[in-house]
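Asker: Here's my sequence, what's the structure:
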Amino acid sequence: MFVTNTDRVRAELEGRIVDGALAPGTTLDETLLCKMFDVSRTPVREALLQLSAEGYVRIVPRAGIYVVQLSAGELREMFESMAYFEGLCASLAAQRISDSQLKKARYLQELGNDALSRQDIDAYRQYDKEFHECIYGGCGNSYLRSQLIYLRKRTRPYRRHHGPFSFEQAQSSWDDHQVLLEALQRRDETHAMQVASRHVRMYALPFIEAGEVAPEHLYFGAGPRQAGELSVMDMPRLFLSAKQRDESLVP
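Answerer: Numbering: from 1, shown residues only. Modelled structure (predicted):
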């Protein structure tokens, strides 16, 4: 339940950016957003300013408002930070995670295995998100947890867009999670840290390599695209599912 229209607009825009529905480089139009959310300019502007402060959008005076498109170098730095933070989180979790949290992690592993057996992409992605957040909760450090969630949000559109979903990769990821869970159950801080850090570095390797070769050039999609290549006229299509969920949005 949102307290203000600003909260509602901000949450919806952030969700669409994180999911990749509003792709990096997409132009955002204030007037159209006001119509889509059925609000005045003030909540839209406040929401965009908040998203700009967190790095999700870029406001260029007299030029426009765009969904931020990260360079390969920026992604490399984010993944390097995530690998370190994931390792630290796992090490702390090995010391602090509760029995109930371990029980939840075991249950989530069962859900992940079931999603793999059914080859259900959406179910597997939901399991993966919940498993990581379960470990974050077990580390007993709310600041570290918030930083990891932020980094996962910022990198999610790129992780999802980089090549087709592979169930072989998903199986490898689930296996890593199982090894991590076993390390946490043994309270093995060193092994938990190593597994968690390696887990991130393996799937981040293509981005890290790209960042080393050409840190200023990472294109979102099959080929080069300019910021704003996706016209503002495409925004109603991108928000179709949002309008279906939220009756307060106008067609």
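Asker: quick one: secondary structure of residue 82?
Answerer: Following DSSP: H, G, I helix; E, B strand; the rest coil, the label given to residue 82 is helix.
Asker: That one: neighbouring residues, count only.
Answerer: The number of residues packed near residue 82 is 22, by other C-beta atoms under 10 Å. Glycine gets a C-beta too; all of them are placed from N, C-alpha and C.
Asker: Same question for residue 200.
Answerer: Residue 200 is flanked by 24 other residues according to other C-beta under 10 Å.
Asker: helices or strands next to the one helix or strand it maps to in the packing?
Answerer: Element membership for residue 200, per DSSP states H and E: helix 189-213. For helix 189-213, the elements it packs on are helix 72-96, helix 167-185, judged by 3 or more C-beta pairs under 8 Å, 6 or more residues apart in numbering; DSSP states H and E.
Asker: Any chance of JSON lines for these, columns distance to residue 2 and mean pLDDT?
Answerer: Supplementary listing: the helices and strands packed on helix 189-213 in JSON lines, determined by distance: least, C-beta to C-beta, whole Å; pLDDT from 0 to 100:
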{"stretch": "helix 72-96", "distance to residue 2": "28", "mean pLDDT": "93"}
{"stretch": "helix 167-185", "distance to residue 2": "33", "mean pLDDT": "94"}
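Asker: Any idea which of these gets closest to residue 13?
Answerer: helix 72-96 (20.3 Å; C-beta to C-beta).
Asker: winner for burial among the helices and strands packed on helix 189-213?
Answerer: Most buried of the helices and strands packed on helix 189-213, by mean neighbour count (mean count of other C-beta atoms under 10 Å): helix 72-96, with a mean of 20.
Asker: Next, the angle helix 167-185 makes with the following helix or strand past that helix.
Answerer: Next along the chain after helix 72-96, taking DSSP H and E as the criterion, comes helix 99-118. Angle of helix 99-118 versus helix 167-185, following axes from the mean of the first three to the mean of the last three C-alpha atoms, to 10 degrees, is 160 degrees.
Asker: Pull out the CA atoms of the helix or strand just after helix 99-118 and give them to me as CSV.
Answerer: Using DSSP H and E, the next helix or strand after helix 99-118 towards the C-terminus is helix 121-138. C-alpha atoms of helix 121-138 as CSV (Å, rounded to 0.1, in the frame of the first residue of the first chain):
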residue,chain,number,x,y,z
ILE,A,121,12.0,-20.0,-15.9
ASP,A,122,9.8,-17.6,-13.9
ALA,A,123,9.7,-20.0,-10.9
TYR,A,124,13.4,-20.5,-11.0
ARG,A,125,14.1,-16.7,-11.1
GLN,A,126,11.8,-16.2,-8.2
TYR,A,127,13.5,-19.0,-6.2
ASP,A,128,16.9,-17.5,-7.0
LYS,A,129,15.9,-14.0,-5.8
GLU,A,130,14.4,-15.4,-2.6
PHE,A,131,17.4,-17.7,-1.8
HIS,A,132,19.8,-14.8,-2.1
GLU,A,133,17.6,-12.5,0.1
CYS,A,134,17.3,-15.3,2.7
ILE,A,135,21.1,-15.4,3.0
TYR,A,136,21.2,-11.6,3.1
GLY,A,137,18.8,-11.7,6.0
GLY,A,138,21.0,-14.2,7.7
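Asker: Now do helix 121-138: which elements does it pack against?
Answerer: helix 72-96, helix 99-118, helix 142-161, helix 167-185.
Asker: and these as JSON lines, adding distance to residue 136?
Answerer: Formatted as JSON lines, the helices and strands packed on helix 121-138 follow (distance: least, C-beta to C-beta, whole Å):
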{"stretch": "helix 72-96", "distance to residue 136": "6"}
{"stretch": "helix 99-118", "distance to residue 136": "10"}
{"stretch": "helix 142-161", "distance to residue 136": "4"}
{"stretch": "helix 167-185", "distance to residue 136": "12"}
